[in-house]
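>>> Provided below are the primary sequence and the corresponding predicted coordinates.
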Amino acid sequence: MYGAALPTWLLLYNCWAALAFMLPEYKRNPALRSHLDATSTGAALLVLSGLLGPEVLLFTCDARLPAVEATLSRGAAQGLRQLAVLQHVLHGVPLLLGSYLLHSLGAGGAWEELSLGVLLVSVAALVFGLPWLIVEFSQPRNMVPESLEAGVTYYSRRGSVS
């Protein structure tokens, strides 16, 4: 029950992160602006991926924008990376503390399976997922295949990109 506000909190955080970094980028980046103004699907994809979080928005931009000769600036990409790390901290730590306090100090009730599962997943996300995310984001890579950079994508019969 204490976690009922978490989806709303994450959605608000993701909306704020997407707006805070994509609106100034839209104003500064003429290639991005012309792509989003010309195609409604590009804008819809970025809006939907922005709702899923800063790291999903960053991945979508890295995967889709080079095909239309647009990229994010380094400042916007770095800001999205920092917000992705901050999201894990701002979401995971209060979830751990709230869960621990409610079950250990509060009512003193027994740990039911769902609460224990949420606690274990939160601990795993902070212990394993957060350091991995920091390492991955500290080493920026070009996630776009070379064929997309050249503007040509070849699809084989089995559906893989070559």
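Yes, it's here.
>>> Any stretches of this structure with poor pLDDT?
1-6, 106-109, 140-162 (pLDDT under 70).
>>> which residue sits closest to the residue nearest the centre of it, ignoring its sequence neighbours?
Nearest to the mean C-alpha position of the chain, by C-alpha atoms, centre = their mean, lies residue 55 at 2.4 Å. Take residue 55 and drop its neighbours on the chain: the residue closest to it by C-beta to C-beta, 6 or more residues apart in numbering is residue 84, 4.0 Å away. In short, each C-beta sits where N, CA and C put it, glycine included.
>>> Quick check: that neighbour vs residue 139, distance?
14 Å (C-beta to C-beta, to the nearest Å).
>>> Compare those two (neighbour count), which wins?
Ranked by neighbour count (other C-beta atoms under 10 Å), residue 84 and residue 139 place residue 84 first, with 22 against 6.
>>> gap between the more buried one and residue 75?
From residue 84 to residue 75 the distance is 15 Å (C-beta to C-beta).
>>> what about the helix or strand hosting residue 50, distance to the chain center?
Element membership of residue 50 [criterion: DSSP states H and E] is helix 40-52. Here helix 40-52 is found 12 Å from its chain centre; the criterion is C-alpha atoms, centre = their mean, to the nearest Å.
>>> All good on my end, thank you.
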